[in-house]
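Asker: model the structure of this input:
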Amino acid sequence: MPAPGHPTHPEKIALVAFRGDQRLGCLTAQVAPASVGWSRLSVGQIVCCWVEPCARRQGIARELTDAAEGELRLRSVVYVELAYVVGNADAEGAWRRLGYTPHRVHSLKTLGQLNAIDELPSATGAA
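Answerer: Below is the predicted model of the structure:
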């Protein structure tokens, strides 16, 4: 994995997992403004985690998450939050195995007609 972080945005972390020259997965994270209920604590967010389907269940997400958590600790983060689509059992299982438990629910309502580019994500795929 390359060194995390961004030269002009040290609060952001980008990690890529490789096997040889094959990219297997990636994870982005950031130090976030404190969320409601965490007013005085530094909170990190895992923004996106993707593992190629052929590389899933091989510890790639764990390796990426462990590295991101280490980088977030260096930035004085106390809690880490993330989100995944309700009904995505693969993602929920993966995050639970990594020690993440549901904390709050975000609800969404569409106000008006969606364009094809704005369609909501499906509940398929995995972390």
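Asker: so how far is Ala83 from the residue most central in space within the chain?
Answerer: With distances taken as CA atoms, centre = their mean, Ile46 lies nearest the centre of the chain, 3.2 Å away. Noted for Ile46: a distance of 9 Å to Ala83, by CB to CB, to the nearest Å. C-beta coordinates here come from the backbone N, C-alpha and C atoms, glycine included.
Asker: got it, and Arg23?
Answerer: Going from Arg23 to Ala83 by CB to CB gives 23 Å.
Asker: circling back: double-check that the residue nearest to the centre of the chain belongs to a helix.
Answerer: No - counting by DSSP: H, G, I helix; E, B strand; the rest coil, Ile46 is not part of a helix but strand.
Asker: just checking, Thr103 touches Glu81?
Answerer: Let me fix one detail, which is that residue 103 is His and not Thr. Yes - at 6.9 Å, His103 and Glu81 qualify as touching, with contact defined as CB atoms under 8 Å.
Asker: who has more neighbours, these two?
Answerer: More crowded of His103 and Glu81, by other CB atoms under 10 Å: Glu81, with 14 against 10.
Asker: can you pull out the strands in the chain?
Answerer: Along the chain, counting by DSSP state E, strands occupy 12-19, 22-32, 43-51, 79-82.
Asker: how much space between the closest residue to Glu92 other than its chain neighbours and Asp90?
Answerer: Distances taken as CB to CB, 6 or more residues apart in numbering put Tyr84 closest to Glu92, at 6.6 Å, once the chain neighbours are dropped. For Tyr84, the distance to Asp90 (CB to CB) stands at 9 Å.
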